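Trainee: could you work out the structure for the sequence below:
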Amino acid sequence: MSDNTIARNKSMTRFDQHDSVWLFGYGSLIFKADFPFIERRPAHIVGWSRRFWQGSHDHRGTVQAPGRVVTLIRDEGATCAGMAYLITPEVFGHLDYREKNGYLRLATDILFEDGSCTEGLIYIATEENAAFLGPASERDIARQIAGAEGPSGRNADYLLGLAVALRELGKDDPHVFEIERHLQLLDEMNAENDKGKDAADMPHP
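Mentor: Take a look at the predicted model:
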């Protein structure tokens, strides 16, 4: 079930009067910045882990066949790497629409690689939202991702784009990379099956 959060996010006015604010991205925001920003810097947050536990009914799937995208789960002592963008409040409307399926604006401490820290903005889909799918094995998540596609494209491209972006940042994420591994195995199996089907369809001498 989808969960439109645009109205709730508009009611969060904490940063509305700021000239600029840092936004932390941990999913597609790392590699798909379709909004104007002043500056971009690698960053991380503490106490959260990235998980493919949120349903996507509007971008990488449909209501009938939702995809899976990342959200953050509280995890004491964990570190989640991503990309921070310095933006103006004028960008909030675009972000609220982009993240409308269950994600809420929250304030968080963002830590930069030089050791500095600032309070910034993050979008998180908590387990209370109607689009939350919850935990599953990495193999089962890969299977769901393999079969999902929405207005923003294939769910698999989202996963692979995130994996590439994390490697470019030099960051490890066992959950993401294990799903990627299972997806690649599925692709190899499907390719072998297609090859066998093509061979069976060929006329015999």
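
Trainee: tell me where this protein has strands.
Mentor: Along the chain, the stretches classed as strands by DSSP state E are 21-25, 39-56, 67-87, 104-112, 117-124, 149-150, 153-154.

Trainee: and the gap between the residue nearest the centre of the chain and residue 160?
Mentor: Centroid check for the chain by CA atoms, centre = their mean gives residue 27 as the closest residue, at 3.1 Å. In this structure, residue 27 and residue 160 are 13 Å apart, going by CB to CB, to the nearest Å. The way it works is simple: take the backbone N, C-alpha and C, and place the C-beta from them, glycine included.

Trainee: what of residue 111?
Mentor: According to CB to CB, residue 111 and residue 160 sit 27 Å apart.

Trainee: how many neighbours does residue 4 have?
Mentor: Number of residues near residue 4 (other CB atoms under 10 Å) recorded here: 14.

Trainee: give me the buried positions along stretch 45-65.
Mentor: 45, 48-62 (16 or more other CB atoms under 10 Å).

Trainee: do stretch 165-173 as well
Mentor: In stretch 165-173, counting by 16+ other CB under 10 Å, buried: 165, 166, 169, 171, 173.

Trainee: how long is it from one end to the other?
Mentor: One end of stretch 165-173 sits 11 Å from the other (CA to CA, to the nearest Å).

Trainee: which residues touch it?
Mentor: Contact with stretch 165-173 is made by 30, 31, 42, 50, 81, 83, 176, 177, as judged by CB atoms under 8 Å, 6 or more residues apart in numbering.

Trainee: what's the average pLDDT for that stretch?
Mentor: Average pLDDT, stretch 165-173: 97.

Trainee: before we move on, back to that, which one of the buried residues of stretch 45-65 is nearest residue 138?
Mentor: Nearest to residue 138 among the buried residues of stretch 45-65 is residue 52, at 8.3 Å by CB to CB.

Trainee: and residue 143, how many neighbours?
Mentor: Neighbours of residue 143 under the rule other CB under 10 Å: 16.

Trainee: whoops, residue 175 was the one
Mentor: For residue 175, using other CB under 10 Å, the count is 16.

Trainee: let me see the contact set for it.
Mentor: Going by CB under 8 Å, 6+ apart, the list of residues near residue 175 reads 49, 50, 51, 52, 138.

Trainee: including distance to residue 116 and pLDDT, could those residues go into CSV?
Mentor: Listed next are the contacts of residue 175 as CSV, based on distance: CB to CB, whole Å; pLDDT from 0 to 100:
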residue, distance to residue 116, pLDDT
49, 23, 98
50, 22, 98
51, 27, 98
52, 30, 98
138, 34, 98
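
Trainee: any weak-confidence spans in this structure?
Mentor: Along the chain, segments meeting pLDDT under 70 span 1, 194-205.

Trainee: please go through it and pick out the longest helix.
Mentor: For the chain, the helix with the greatest residue count under DSSP state H is helix 174-201.

Trainee: so that one versus strand 39-56, what angle?
Mentor: Going by axes from the mean of the first three to the mean of the last three CA atoms, to 10 degrees, helix 174-201 is angled at 60 degrees with respect to strand 39-56.
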